[in-house]
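Peer 1: Compute the structure for the input listed below.
(chains A and B)
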Amino acid sequence: MQKRLTLGFFFILFLGTTFLPIVWMFGNSVYEEGKFSFVYYKDIFLTQKYGKVISNSLILASLTTILSSLFGVPAGFFLSKTNLPLKKLFKICFFIPLIIPSYITGIAWVNLLGKTGFLNNVFSQYTMLSSESVSDFIYSTYGASFILSMNLFPVVMLVTEYALKSVNPRLEESGLVVGSVFQVFRQITLPLIAPAILSGMMIVFVLSLSEFGVPSLLQVNVLTTQIFTQFSAFYNEKAATAIAFPLIVITFILIMLEKIYMRGKSFEMLGRTSSISTTQYNITWLNVVGITFCTFVLLVCVIIPLSTLIFNTKTISAYHDAILLARNGITNSILFGSIGATFLTLIGFFLGYLSENIRSKLRSSIAAFIWIFFAVPATVSGIGLIKLWNRPESACQFIYSSLWIVILGYVIRFLPLSSRIMTNYLKQIPHAMEDAGTVTGASWFRILGKILLPLQGYGLIATWLISFMFCIGELGTTILVYPPGHETLPIALFTVMANSPTDVVSALSIIIVVMTLLPVGVFLVVSKYLVLKPKLGLQ
Amino acid sequence: MKFIAIICTILFMLVKVCHAGNEVIVYTSEDKIFSEPVLQAFEKKTGIKVRTIYDTEETKSAGLVNRLIAEKDNPQADVFWSGDPVRPALLEFKGLVTPYVSSAASDIPKIYKDEDGHWTGFSARARIILYNSNLVSMDERPLSIFDLAKPMWRGQVAIANPLFGTTSIHMSALFIILGDEKAMKFLNDLKANGVKIVSSNSEVRRLVVRGEVKVGITDTDDASVAIKEGSPVKVVFPDQTSIGTLIMPNMVCLIKNSPNQENGKKLIDYLISAEVEKSLAWAACAQMPLRYDVRTPADVLTIDAVKGMNVNYHDVAKKLEEIGEFLKQWAGY
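Peer 2: Below you'll find the model as predicted:
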């Protein structure tokens, strides 16, 4: 009973916060002048008009996914399985690309690879490439996926890293007795973490599918820029919502493919109760490869974009000006981000549980159903929120004119993400654990508190951290709904960007990076103690 | 349970209590660094609390006009201060604006305000040609936008996406002045000449400053900021001997059924005053006052020194709706 009520409550919460505003928008888009009409959908599905755009979107998302896995999977492996020197530093630094708004990374790379850019000169002098071709590369779908993958690879990295930590070390140890490191990784570890990696790739795919900043900067013609055009050039929210529909269809197809792949695979691999450590390889050549690879990734994804920012802020006074501009935004961002991340983790946990641990035929449909909402573009969600919450009734006004509308924006954007990450971690807990609790006659809340939540220590922390970073970086929905005086850091950045001196804008970007990293760093340190305590108690 | 109760209490304490007192809510698409000081001055002068939502640059987020339209049934904003002269007219078409004829507008030239008071203009920007003075000499510089379709400038011209912002207004004005046929021909010639279509006016500025293209079409405020930063760029007010340069005043309008109508009117009176025109002329955006008698710095032209394009902004807004599809195709979207 407790279980049903709780799960039901959180599912209704999902319907109310995420489902309703979006469905409202889509409902509205098939309703024209008092009757049903698919006029905006006809163009998309019955003509060739959008064929090119859709294929561009698919190319962009696929390339980005492949590139970020090439960066992310090895990085995650080296950070959790080897004894690299400076591992902590790498770990924290690899969060930076997620935090810097992709638009800023974009500008940095366009400056470097544009016709008069530094790297462009280097390439055209020392390689066969002409200055034109380098510049053309960056202003193309390929350039856009290159930039995006550098921003998004930490997602794959984090997922890989935490999945590796959850692998039962005994399996690997047994393997090591008879085989080489390489064999063990390929034949034991990789198959065990493959579902988690795939899930990370899926997240990157959908994120790049719904990304707007970089394609807009590089003038790449994809679905999101088309949606934007309908909103901002024609003020036609119905047509815009209709163009968002293919995004959902693509995501749906992807889920089906994933389901076929996952069929019959088992994920029960949790070994954390039997051993606290993770198997670590202490082999010199592996460490050398690891440090070379991580340094390379650090250079390309972190140091290059960051140093162009630092290079642009020549004076200390720029930081002073930037802090003055961002003062309000800093406190708001940290406050809203923490509340948002906490809600996302909490609701995400129960939704994850709902879509993984209940024994019903419905469960995988629930997961798919929640996930398709992740593909909805920020602007569509934002307008949906306004329509739903901006009403004269005082309860609605209370939400709409306070920080809660911003939090609702975070929830609508990232609940599918947080619940998906939670689902992955929950997959690793054998049902037997919960059954054992039930046998002893404990109430469900008690099982939850004593078994499920403590076992999910890593999962909860990872979900919280990722949600926090995504919340802090959210721009598209927040800017449509934030009440006066409630601006967050990205809003502070993007509203001053127009015509502010370059050095102040760059300084502000750096402040955003630092402000986001601080809590993440603190959390990483504190998390150790948070995770260990309940675990020891359980043994 | 106790834990949850404590959390809930804390969360509710975080909600800032928004008292509907002596305040005015303004949405502005004028750049924050220029509009914020003006609004603060109003606050100081009148004691009315100004609560502001600022916009990003046009192509970086769906922005305020979409928000205003979505909030139509329960308006939150009292005043919309638009950085361009066309969005208020668009809002008027959509029935979001209520007329207000301010007495402070009496000395603003007639062409810059709506007869019925739906919108009133002040401090203006202009559409100009920006060129890189390291790459282009004084004698070579293009004096007309029509020069940019000539072979000399092949692949050397940048323009922002014509569907958005001031570029869209410029296009619409050209269609009115030249007629559809001529305007389309000019745009097609421009495209055949390898014009670079970029995301925004500030991108145009960046490319010209870095010398990736020699010239670009952008706004006076972008140019002024680049010059103040010491970049090697110079400005041409195009077509002074023919069709004239497009002048784009700021415009302000009162939102229908908004919560603080009276304070909204006071803010409008202030925004269109000579005092604000003067301060915007002296700020980094270097906007031209619409009144002849406002003193400006030496490098800011007064409105009588520039030949303006003879267009009615109401018509420009109408035309824009007509040519949207053509512009979309032209830009390759």
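Peer 1: on contacts alone, who are the packing partners of the longest helix belonging to chain B?
Peer 2: When every helix of chain B is counted residue by residue (DSSP state H), the longest turns out to be helix B:313-330. For helix B:313-330, the contact count by 3 or more Cβ pairs under 8 Å, 6 or more residues apart in numbering or on different chains; DSSP states H and E identifies helix B:87-93, helix B:165-178, helix B:180-192 as packing neighbours. Glycine gets a C-beta too; all of them are placed from N, C-alpha and C.
Peer 1: Just the buried positions in the last one, please.
Peer 2: Which is helix B:180-192. If you call a residue buried by 16 or more other Cβ atoms under 10 Å in any protein chain shown, then helix B:180-192 has these buried ones: B:183-184, B:186-187, B:190.
Peer 1: could you dump these to JSON lines with distance to B:R295?
Peer 2: Compiled in JSON lines, those are given as follows (distance: Cβ to Cβ, whole Å):
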{"residue": "B:A183", "distance to B:R295": "38"}
{"residue": "B:M184", "distance to B:R295": "43"}
{"residue": "B:F186", "distance to B:R295": "38"}
{"residue": "B:L187", "distance to B:R295": "39"}
{"residue": "B:L190", "distance to B:R295": "38"}
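Peer 1: Closest one to A:V411 out of these, please.
Peer 2: Of all the buried residues of helix B:180-192, B:L187 has the smallest distance to A:V411: 44.5 Å, by Cβ to Cβ.
Peer 1: Can you tell me the closest non-neighbouring residue to residue 222?
Peer 2: Assuming you mean chain A. Nearest-residue entry for A:V222: A:S57, 4.4 Å, with adjacent residues in sequence omitted and distances by Cβ to Cβ, 6 or more residues apart in numbering or on different chains.
Peer 1: wait, I meant chain B there
Peer 2: Spatial nearest neighbour of B:D222, chain neighbours left out: B:R205 (4.5 Å); criterion: Cβ to Cβ, 6+ apart.
Peer 1: between the strand or helix carrying the one you found and helix B:165-178, what angle do the directions make?
Peer 2: When elements are assigned from DSSP states H and E, B:R205 belongs to helix B:201-209. Relative orientation of helix B:201-209 with respect to helix B:165-178: 90 degrees, computed using axes from the mean of the first three to the mean of the last three Cα atoms, to 10 degrees.
Peer 1: Now do the helix or strand following helix B:201-209, average pLDDT.
Peer 2: Of the helices and strands lying after helix B:201-209 in sequence (DSSP H and E), the nearest is strand B:215-219. Along strand B:215-219, the predicted confidence averages to a pLDDT of 96.
Peer 1: Could you do stretch A:49-64 as well?
Peer 2: 93.
Peer 1: Give me the contacts around that stretch.
Peer 2: The contact list for stretch A:49-64, computed with Cβ atoms under 8 Å, 6 or more residues apart in numbering or on different chains, reads A:43-44, A:141-142, A:144-145, A:148-149, A:152, A:204-206, A:208-209, A:211, A:215, A:220-224, A:226, A:243, A:246-247, A:250.
Peer 1: export the helices and strands packed on helix B:313-330 to a markdown table and tack on mean pLDDT and distance to A:L5?
Peer 2: Compiled in a markdown table, those are given as follows (pLDDT from 0 to 100; distance: least, Cβ to Cβ, whole Å):
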| stretch | mean pLDDT | distance to A:L5 |
| --- | --- | --- |
| helix B:87-93 | 93 | 48 |
| helix B:165-178 | 95 | 52 |
| helix B:180-192 | 96 | 63 |
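Peer 1: how about the ones you listed, which one is nearest A:L198?
Peer 2: Closest approach to A:L198 among those (Cβ to Cβ): helix B:165-178, 41.4 Å.
Peer 1: quick one on the thing from earlier: around the residue nearest to A:V222, how many other residues sit close by?
Peer 2: By other Cβ atoms under 10 Å in any protein chain shown, 27 other residues sit near A:S57.
Peer 1: got the phi/psi numbers for it?
Peer 2: phi -60, psi -40 (degrees, to the nearest 10).
Peer 1: where does the chain dip in pLDDT?
Peer 2: All of this refers to chain A. In the prediction, chain A carries residues with pLDDT under 70 at positions A:264-278, A:357-361, A:527-539.
Peer 1: wait, I meant chain B there
Peer 2: Low-confidence segments of chain B, defined by pLDDT under 70, are located at B:1-20, B:62, B:333.
Peer 1: Is the longest strand seen in it in proximity to chain A?
Peer 2: Using DSSP state E to assign secondary structure, the strand with the most residues in chain B is strand B:120-132. No: in this structure, strand B:120-132 remains apart from chain A according to Cβ under 8 Å from any Cβ of the partner chain; the gap is never smaller than 10.5 Å.
Peer 1: which other helices and strands contact that strand?
Peer 2: Using 3+ Cβ pairs under 8 Å, 6+ apart as the contact criterion, the elements in contact with strand B:120-132 are helix B:165-178, helix B:201-209, strand B:215-219, helix B:220-228, strand B:233-236, strand B:247-255, helix B:274-282.
Peer 1: After it, which helix or strand is next?
Peer 2: The element immediately downstream of strand B:120-132 (helix or strand, assigned by DSSP H and E) is strand B:157-160.
Peer 1: Contact partners for the residue nearest to A:G521 when sequence neighbours are not counted?
Peer 2: Taking Cβ to Cβ, 6+ apart, and ignoring the residues beside it in sequence, A:G521 has A:I92 as its nearest neighbour in space, at 5.7 Å. A:I92 makes contact with A:517, A:520-521, A:524 under the criterion Cβ under 8 Å, 6+ apart.
Peer 1: Of the residues you listed, keep whichever come out buried.
Peer 2: For the contacts of A:I92, burial is judged from neighbour counts taken by 16+ other Cβ under 10 Å, and it is met by A:517, A:520, A:524.
Peer 1: circling back to that earlier point, could the helices and strands packed on strand B:120-132 be laid out in CSV, adding mean neighbour count?
Peer 2: Compiled in CSV, the helices and strands packed on strand B:120-132 are given as follows (neighbours: other Cβ atoms under 10 Å in any protein chain shown):
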stretch, mean neighbour count
helix B:165-178, 23
helix B:201-209, 25
strand B:215-219, 28
helix B:220-228, 23
strand B:233-236, 20
strand B:247-255, 27
helix B:274-282, 20
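Peer 1: Could you dump the ones you listed into TSV with distance to A:I104 added?
Peer 2: TSV is the format used below for the helices and strands packed on strand B:120-132 (distance: least, Cβ to Cβ, whole Å):
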stretch	distance to A:I104
helix B:165-178	21
helix B:201-209	13
strand B:215-219	21
helix B:220-228	18
strand B:233-236	23
strand B:247-255	28
helix B:274-282	29
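Peer 1: Taking the stretch 201-333 of chain B, what residue is nearest to chain A?
Peer 2: B:E212 (4.6 Å; Cβ to the nearest Cβ).
Peer 1: Now that residue, what are its backbone angles?
Peer 2: Dihedral pair for B:E212: phi -70, psi -30, per degrees, to the nearest 10.
Peer 1: burial of it, as a residue count?
Peer 2: A count of nearby residues for B:E212, using other Cβ under 10 Å, gives 22.
Peer 1: which residues touch the closest residue to it other than its chain neighbours?
Peer 2: Leaving aside its sequence neighbours, B:E212 sits nearest to A:K115 (Cβ to Cβ, 6+ apart; 4.6 Å). With contacts defined as Cβ under 8 Å, 6+ apart, the neighbours of A:K115 are A:131-132, A:135, B:212.
Peer 1: Quick one, which of those are buried?
Peer 2: Once neighbours are counted (16+ other Cβ under 10 Å), the buried part of the contacts of A:K115 comes down to A:131, A:135, B:212.
Peer 1: Closest one to B:R125 out of those, please.
Peer 2: Using Cβ to Cβ, B:E212 is the member of the buried ones among the contacts of A:K115 that sits closest to B:R125, with 23.7 Å.
Peer 1: Chain neighbours aside, what residue packs nearest to whatever residue of the stretch 151-300 of chain A ends up closest to chain B?
Peer 2: Ranking the residues of the stretch 151-300 of chain A by distance to chain B (Cβ to the nearest Cβ) places A:A233 first, at 3.9 Å. In space, and not counting its chain neighbours, A:A233 is closest to B:L163: 3.9 Å by Cβ to Cβ, 6+ apart.
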